[in-house]
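Participant: turn this into a structure:
(one chain, ligands or ions: 1)
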Amino acid sequence: MMSRTVRVVLAALLLLLPAGALAQGDLTFASLNTPSNGPGRVIGGYAGGCISGAVPLPLEGAGYEVIRVSRNRYWGHVSTIRFVQEFGRQVRASRLPNVYIGDLSQPRGGRMGFGHASHQTGLDVDIWFELSPKPRLPAEAREEPVLRSLVLPHEVGIDPTVWQAGHALLLRMAAEYPGVERIFVNKWIKRHLCLTTRGDRSWLHKIVPWFGHDAHFHVRLACPADSPECVRQTPVPGGDGCGKALDDWFRPPPPQPDRVIPTPPVRPRPPRYPAACQSVLNAP
Ligand SMILES: [Zn+2]
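Facilitator: I've put the predicted structure just below:
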């Protein structure tokens, strides 16, 4: 047991440590509040990378408003910022209410202190489905807005009282933007699009089923031409993505053995960043 005096001294010493020394590993990128200088470059992969020279998304613009501004996750590559602004203009031109924009990336990207595994390179954007008319509020008043799910509780299907045609239009507009490579949505939303989309279905292949994503969709942009160190993902398959790959999401999980053999817990490993990300961390 530690004596009270030793504990007090240890606590005092901890307070003296600079913040950077406490924020090791995963939290290092999360502890930096400003972008690095230099040209905008994406380094590494969506779930293990960083960005130099990131630019902030203006907190409001035609057709959109950024929410949860206090998280300071509205930074991205200039191509991502351009996408959101262009998407907002299309939202306005379609006479839909403004959309709420959630997390992009931290000022230098990297792993976040909480939340996503990806969003590390300034190429991911969360856009909320909430389509109720929104009064223009100051940024501080947009921390916890109402954000309804399009999927019923316990994930048993689409909620017909929330779903509207405008949601399909949002997804289509985002999918047809040239730099957008894929969009993650809940399996029920993908299935609903598969069942209801008439005419041109060529954009559907970019809509990819994923866990969660029932109240927001996640837009992922392609590696930009100015960033040779950006790690690409395998392209989404062609077609409409409405066949077996989607059906697999609705299959019941395989039966579990009666006796569960305990496995030792695996300590999560800090993400491996490309070496160039160290310079982004250390840059002024
Ligand atoms: Zn996301």
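Participant: contacts only, for the closest residue to the ion within the stretch 51-200 of the chain.
Facilitator: Of all residues in the stretch 51-200 of the chain, D126 sits closest to the ion, at 4.2 Å by CB to the ion. Where you see a C-beta, it was placed from the backbone N, CA and C, and this is true even at glycine. D126 is in contact with 101-104, 119, 216-219, counting by CB atoms under 8 Å, 6 or more residues apart in numbering.
Participant: I'd say A62 and E86 touch.
Facilitator: No - counting by CB atoms under 8 Å, A62 does not reach E86; the two are 9.6 Å apart.
Participant: buried stuff in stretch 241-256?
Facilitator: 241-242, 246 (16 or more other CB atoms under 10 Å).
Participant: ugh, typo on my part, it should be stretch 192-210
Facilitator: 192-194, 197, 203-210.
Participant: can you redo those as TSV with secondary structure, pLDDT and distance to P228?
Facilitator: Below are the buried residues of stretch 192-210 laid out as TSV (DSSP: H, G, I helix; E, B strand; the rest coil; pLDDT from 0 to 100; distance: CB to CB, whole Å):
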residue	secondary structure	pLDDT	distance to P228
H192	helix	98	39
L193	helix	98	35
C194	helix	98	37
T197	coil	97	37
W203	helix	97	29
L204	helix	98	31
H205	helix	97	27
K206	helix	98	24
I207	strand	98	29
V208	strand	97	26
P209	strand	97	31
W210	coil	96	28
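Participant: ok, back up a step: assumed the residue of the stretch 51-200 of the chain closest to the ion was part of a helix.
Facilitator: No - counting by DSSP: H, G, I helix; E, B strand; the rest coil, D126 is not found in a helix; it is strand.
Participant: can you tell me the closest non-neighbouring residue to it?
Facilitator: G102 (3.6 Å; CB to CB, 6 or more residues apart in numbering).
Participant: for the one you found, which residues are in contact?
Facilitator: Counting by CB under 8 Å, 6+ apart, G102 has contacts 66-68, 73, 125-128, 216.
Participant: what about those residues, which one has the most neighbours?
Facilitator: Among these, V125 has the most neighbours (other CB atoms under 10 Å), with 28 neighbours.
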